[in-house]
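J.: Pasting a predicted model and its sequence here:
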Amino acid sequence: RLWSSLDRSHSDREATDQVSRAPYGGNKEAMKILVTGASGLLGRALVKTLQEEGGHQVIGTGLQRVKKANLRSLDLENADQIKTLIATEKPDIVVHAAAERRPEECDANPERTVRINTTATGVIASAAQSSGAWLLYISTEYVFDGTKPPYSEGDAKNPPNLYGKSKSDGEDLALAATKGGCGVLRVPVLYGPLEKIAESSITALAKMVFPRSKEGTKVDHWQIRHPTHVGDVARAVLG
């Protein structure tokens, strides 16, 4: 099941409607939900919304900033650690939001990027399937090259960079491991409450838009993006 949520092809309301038709949509009973990448921009919003608005028991995981945020430490490059955590906690739902999205890091460490964005997704999907948990995989609009918008869920993918390719391959592994019984939610560029300005590509532009030099800074004038608040994505996931 694919949802190109909150991107060029759907309004916020439509995205919420589509996600709410997932197996847990409309379920008013408290569930145990495992959220990977819970220390990140989107992950923090997911944990907050699922706990405070949904009343669910949320187990957040991360690799950095785990003590400050009261999260469980999880190394996505350690398959055994992933399997053990899911088998031990037995969550009802796994929301896999962790990813290596930084362009400079993806280019500098392509093998690590694939291990985190692709290989780990396959491990998580298989572990979730084995434990009986439903998986929601947070993907990206970068599975498309942007040349023929607007896109729908069934359009052919053509990632323009390693990040998009690694997430696209992650989608394929997740769907294969769960025999199509998972959700894939593609999100656009995100913004929201920050711990540092570089967390969002939107706020990171401030350094370019307000340059210190008198010469100014050159930026392109052709990209069309659809910034989406992480709170809106979290509420769409909550349904």
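T.: Ah, there it is. Numbers count the residues shown, from 1 in each chain.

J.: could you point out the longest helix in this protein?
T.: helix 162-177 (DSSP state H).

J.: I'd like to know the average pLDDT value across that one.
T.: Averaged across helix 162-177, pLDDT comes to 97.

J.: Determine how far it lies from the middle of the whole chain.
T.: Offset of helix 162-177 from its chain centre (CA atoms, centre = their mean, to the nearest Å): 12 Å.

J.: downstream neighbour of the helix or strand bottoming out on mean pLDDT in the chain in the secondary structure list?
T.: Sorting the helices and strands of the chain by mean pLDDT, DSSP states H and E puts helix 12-19 at the bottom, at a mean of 40. Downstream of helix 12-19, the next assigned helix or strand under DSSP states H and E is strand 32-36.

J.: List the buried residues for that next one?
T.: By 16 or more other CB atoms under 10 Å, the buried positions in strand 32-36 come out as 33, 34, 35, 36. Heads up, the C-betas are built off the backbone N, CA and C, glycines and all.

J.: what helices or strands is it leaning on?
T.: Counting contacts by 3 or more CB pairs under 8 Å, 6 or more residues apart in numbering; DSSP states H and E, strand 32-36 is packed against helix 41-52, strand 57-62, helix 79-89, strand 93-96.

J.: TSV for those, including mean pLDDT and distance to residue 162?
T.: As requested, the helices and strands packed on strand 32-36 are exported to TSV (pLDDT from 0 to 100; distance: least, CB to CB, whole Å):
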stretch	mean pLDDT	distance to residue 162
helix 41-52	96	20
strand 57-62	96	23
helix 79-89	98	21
strand 93-96	98	19
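
J.: Could you look over those and pick the most buried one?
T.: strand 93-96 (a mean of 26; mean count of other CB atoms under 10 Å).

J.: Kindly format the C-alpha coordinates of that strand as PDB.
T.: The C-alpha atoms that make up strand 93-96 are tabulated as PDB, following Å, rounded to 0.1, in the frame of the first residue of the first chain:
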ATOM      1  CA  ILE A  93       2.900  -1.300  14.900                       C
ATOM      2  CA  VAL A  94       6.400  -0.300  13.800                       C
ATOM      3  CA  VAL A  95       6.800   3.200  12.300                       C
ATOM      4  CA  HIS A  96      10.200   3.200  10.600                       C
END
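
J.: What is it packed up against?
T.: Contact here means 3+ CB pairs under 8 Å, 6+ apart; on that basis strand 93-96 packs against strand 32-36, helix 120-131, strand 134-140.

J.: tell me the angle of the last one relative to strand 32-36?
T.: Angular relation of strand 134-140 and strand 32-36 on a 0 to 180 degree scale: 30 degrees, by axes from the mean of the first three to the mean of the last three CA atoms, to 10 degrees.

J.: Please list the residues outside stretch 135-142 that contact it.
T.: Residues outside stretch 135-142 that contact it (CB atoms under 8 Å, 6 or more residues apart in numbering): 4, 7-8, 22, 37, 42, 93-97, 99, 101, 121, 124-125, 128-129, 151, 159-161, 163-164, 167-168, 170-171, 174, 178, 182-189, 237.

J.: at 6 Å what do you get?
T.: Identification of contacts with stretch 135-142 by CB atoms under 6 Å, 6 or more residues apart in numbering yields 7, 94-97, 125, 128, 163-164, 167, 171, 174, 178, 182-186, 188.

J.: and residue 76, helix, strand or coil?
T.: coil (DSSP: H, G, I helix; E, B strand; the rest coil).
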